[in-house]
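Student: Structure for the following, please:
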Amino acid sequence: MSDESVESVRPLERGLAVLRALAPAEPGRLRAGDLVRATGLARSTVDRVVATLAHLGYVRVRGQELHLTPRLMELGNAYLAASGLTGEVAARTARLADELDESVSLAVPDGDGVRFVTQAARRRAMSVAFRIGDLLPPERCAPGALFAQGWDEARWAAWRARTAAPDAPTATRDASAAYPALPPGPAPHALPDLAGRVARSRETGWALDDQLIEPGLIAVAVPVRDGAGRIRYALSAVSHTSRHTADGLADAMLPRLRAEAARLARLSAAPPPPPAEESARTPATDAAAAKADLGPGFLQSLARGLAVLRALGEARGEGLALTALAAATELPRATARRCLHTLERAGYAAHDGRLYRPLPRILELGHAPLSGLTFAEIAEPHLRSLTDRVRQSASVTVLDGTDIRYVARAAAARVMSVHITVGTRLPAYATAMGRVLLAGLPGPERARLLAAAPPRALTARTVTETGALARLLDRAAADGHATADQELEEGLRSVAVPVRDARGRVVAALNVAQHAGSGPLAEARDALLPVLRETAAAIETDLHTAARFNAVRLS
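Tutor: Next up is the predicted model:
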């Protein structure tokens, strides 16, 4: 059967169109009616697509507002995993940014564009705002001159046609529609001489961006090659003319960038680690649950197509055979092939006649805005849901020295409520969240922190005796939760559970606080623990997905 004779999956095409329309929107600013106008689809179709995406956990609906969720990053993660990127590569990029004290990124070619796959930005008042998944035109960035070295005449012809078209994003036109990552307004220069820059980069082995994107922004890039000598990634350091001249940046960064590029090439050539399981869901389990929840409103073909896209994450090396993809998704071969054909037509997959692989365009499906989420932004929707369920305030904190510091909070609407804001610091030893966080530390570190700030009585109930406090922390570590009953303040009690990263380390604590007059502590604890643990698990799922190839800031 030829590719042309394979029928496309229309619900999958429509679902991808809705996701593309949602991706660039400001969170919560897009509604179903806006999607109708953006996609040209009927309102009933948009409603079914949104309902299906919400069931899959990719979209959150609050009233009429639509929000992408971190779980959608499963799709982009599939491409990143198949491309050979690993957590270690991303971590090395972050360490290099710390060492150079400049923003560092890795990019891959995407058609005739350049798409970022890692980004480690410096925290400055003036810093790079690009994100994982952002796309740049090759003529206006350093990696473009490296990737264009491998273009054939057809690719060059396509690029010339694009840049010469009457509505092309050239120096005198606004390119933000075609490339949302670019600053709005005209480019700072006329169309750069890409062919000349390619010739220079081929001769020197590196490429320079001297304010091609916007005034003041400069970058230098070196290639990371695969075993066959082809350019797999471009490794870049980005700075500003207030810190370096363009040539000065190259002189300062090139030795270290070249050394790191050689290490990354070896890492990329190593056998891939076992695939990380982000979800145990399959089309079969999705469909069974959805039929009960949504009935005919559930688009099974859309769910199946996205499952095939996720399964492409295992297509390392040359790709994955249709038989393996069908087995991984529990779909008939014919169904899996129709989904793959649809993904190919949309530019999200490719095959060589036998093996299939994902393409970097997948990252346009919401990965860029979601990759910029902080831990607080990941946790906040879950805190709101928790507060709605228990009618009490809920918070997330991290350990900051000997204190806890609030990083996210959802307050209950009550006449008498606990008034705490994000950024508030409290002594860890006297709070349920602090005890969860201290209990998650190695013994010597825990002892060091307690010795650094000897406990003192804040109320008549505060536990300050060293042995008693140590036993409470041991119990918290064993039980996976902690309580504090009027130890911080008279009349205030709380129950807390840990939030763990993908390696099982306690990185934050989640609690519900309430007034002590509502009943015995044991009764409140038993009522709150199940929903606290469910909420912590939901936060962890989103955190693990978001942090798989991206450093998520905890504060």
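
Student: give me the element the residue nearest to Leu365 when sequence neighbours are not counted is part of.
Tutor: Distance criterion Cβ to Cβ, 6 or more residues apart in numbering; nearest residue to Leu365, sequence neighbours excluded, is Leu19 at 4.8 Å. No exception for glycine: its C-beta is placed from N, CA and C like everyone else's. Secondary structure assignment for Leu19, by DSSP states H and E: helix 10-22.

Student: For that helix, list every residue counted as buried.
Tutor: Pro11, Leu12, Glu13, Arg14, Gly15, Leu16, Ala17, Val18, Leu19, Ala21, Leu22 (16 or more other Cβ atoms under 10 Å).

Student: what's the weakest-modelled helix or strand in the protein?
Tutor: Here the helix or strand of the chain ranked lowest by mean pLDDT, DSSP states H and E is helix 283-293, holding a mean of 60.

Student: List the first helix or strand encountered after that helix toward the C-terminus.
Tutor: helix 300-311.

Student: next structured bit after that following helix?
Tutor: Next in sequence after helix 300-311, counting helices and strands by DSSP H and E, comes strand 320-321.

Student: Off-centre distance for that following strand?
Tutor: Going by Cα atoms, centre = their mean, to the nearest Å, the spacing between the C-alpha centre of strand 320-321 and its chain's C-alpha centre is 26 Å.

Student: partners of it in the sheet?
Tutor: Paired with strand 320-321 in the same sheet, following DSSP bridges, are strand 355-358 (antiparallel).

Student: Can you dump the C-alpha atoms of the strand it pairs with in CSV for me?
Tutor: The C-alpha coordinates for strand 355-358 follow below in CSV (Å, rounded to 0.1, in the frame of the first residue of the first chain):
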residue,chain,number,x,y,z
LEU,A,355,11.4,2.9,10.3
TYR,A,356,9.6,5.9,11.8
ARG,A,357,11.0,8.7,13.9
PRO,A,358,9.7,12.0,15.4
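
Student: Begin at 54 from now on, thanks
Tutor: Got it, first residue is 54 now, which makes that one strand 408-411.

Student: quick revisit: which elements pack onto the helix holding Leu72?
Tutor: When contacts are defined as 3 or more Cβ pairs under 8 Å, 6 or more residues apart in numbering; DSSP states H and E, helix 63-75 sits against helix 85-92, helix 96-108, helix 353-364, helix 386-398.

Student: Of the ones you listed, flag the one that's most buried.
Tutor: Ranked by mean neighbour count, the helices and strands packed on helix 63-75 are led by helix 353-364 with a mean of 24 (mean count of other Cβ atoms under 10 Å).

Student: any low-confidence regions in the stretch 404-553 of the chain?
Tutor: Within the stretch 404-553 of the chain, the set of residues satisfying pLDDT under 70 comprises 466-472.

Student: hang on, Arg499 in a helix?
Tutor: Yes - counting by DSSP: H, G, I helix; E, B strand; the rest coil, one finds Arg499 located in a helix.

Student: Contacts only, for it.
Tutor: Contact analysis of Arg499 by Cβ atoms under 8 Å, 6 or more residues apart in numbering lists Leu491, Ala492, Leu526.

Student: ditto for Asn130
Tutor: Applying Cβ under 8 Å, 6+ apart, the residues near Asn130 are Glu331, Gly366, Thr598, Arg601, Phe602.

Student: Leu317 should be in a helix, yeah?
Tutor: Yes - note on Leu317: a helix contains this position according to three-state DSSP.

Student: so which of the contacts of Arg499 would you say is closest to Leu352?
Tutor: Here the nearest of those to Leu352, counting by Cβ to Cβ, is Ala492; it sits at 44.8 Å.

Student: I'd guessed the closest one sits against Ala535; true?
Tutor: Yes - taking contact to mean Cβ atoms under 8 Å, the distance of 6.8 Å between Ala492 and Ala535 places them in contact.

Student: if I look at these two, which residues touch both of them?
Tutor: With Cβ under 8 Å, 6+ apart as the test, Ala492 and Ala535 both reach Ala529.

Student: So for those two, which sits in the more crowded spot?
Tutor: Using other Cβ atoms under 10 Å as the criterion, Ala492 and Ala535 rank with Ala535 on top: 27 against 22.

Student: Would you mind giving both backbone torsions of the more buried one?
Tutor: The phi/psi pair for Ala535 (degrees, to the nearest 10) reads phi -150, psi 160.

Student: could you say what helices and strands the longest helix anywhere in the chain packs with?
Tutor: Counting residues, the longest helix found in the chain (DSSP state H) is helix 574-600. Helix 574-600 is packed against helix 126-135, helix 428-443, strand 535-538, strand 545-553, strand 559-568, with contacts defined by 3+ Cβ pairs under 8 Å, 6+ apart.

Student: can you tell me the average pLDDT over that helix?
Tutor: Confidence over helix 574-600, taken as the mean pLDDT, stands at 95.

Student: now it against helix 428-443, angle please.
Tutor: Relative orientation of helix 574-600 with respect to helix 428-443: 140 degrees, computed using axes from the mean of the first three to the mean of the last three Cα atoms, to 10 degrees.

Student: Tell me how many other residues crowd Gly406.
Tutor: Other residues lying near Gly406 total 6 when counted by other Cβ under 10 Å.

Student: Quick check: it vs Ala374, distance?
Tutor: From Gly406 across to Ala374, the span is 11 Å (Cβ to Cβ, to the nearest Å).

Student: and what of Phe602?
Tutor: In this structure, Phe602 and Ala374 are separated by 25 Å, where distance is defined by Cβ to Cβ.

Student: do Arg478 as well
Tutor: Using Cβ to Cβ, we find Arg478 at a distance of 55 Å from Ala374.

Student: Leu72 too?
Tutor: According to Cβ to Cβ, Leu72 stands 27 Å off from Ala374.

Student: ok, now Ala287?
Tutor: Relative to Ala374, Ala287 is positioned 30 Å away (criterion: Cβ to Cβ).

Student: These two: which has the busier surroundings?
Tutor: Neighbours per residue, other Cβ under 10 Å: of Ala287 and Ala374, the larger number sits with Ala287, 28 against 14.

Student: Not counting sequence-adjacent ones, nearest residue to the more buried one?
Tutor: For Ala287, ignoring the flanking residues on the chain, the nearest one in space by Cβ to Cβ, 6+ apart is Pro196 at 3.3 Å.

Student: The one you found touches Gly166, doesn't it?
Tutor: No - counting by Cβ under 8 Å, Pro196 stays clear of Gly166, with 10.0 Å between them.

Student: who has more neighbours, those two?
Tutor: A direct count of neighbours by other Cβ under 10 Å for Pro196 and Gly166 places Pro196 higher, at 29 against 22.

Student: Rounded mean pLDDT for the helix or strand hosting that one, please.
Tutor: Under DSSP H and E, the secondary-structure element containing Pro196 is helix 195-200. Averaging pLDDT along helix 195-200 gives 97.

Student: Just after that helix, pick out the following helix or strand.
Tutor: Next along the chain after helix 195-200, taking DSSP H and E as the criterion, comes helix 206-217.

Student: got the CA coordinates for that following helix in CSV?
Tutor: As requested, the backbone C-alpha atoms of helix 206-217 are provided in CSV (Å, rounded to 0.1, in the frame of the first residue of the first chain):
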residue,chain,number,x,y,z
GLU,A,206,20.1,22.8,-3.6
ALA,A,207,16.4,22.1,-3.0
ARG,A,208,16.6,23.4,0.6
TRP,A,209,18.5,26.5,-0.5
ALA,A,210,15.9,27.1,-3.2
ALA,A,211,13.1,26.8,-0.6
TRP,A,212,14.9,29.2,1.7
ARG,A,213,15.4,31.8,-1.1
ALA,A,214,11.7,31.5,-2.1
ARG,A,215,10.6,32.0,1.5
THR,A,216,12.8,35.1,2.2
ALA,A,217,12.1,36.6,-1.2
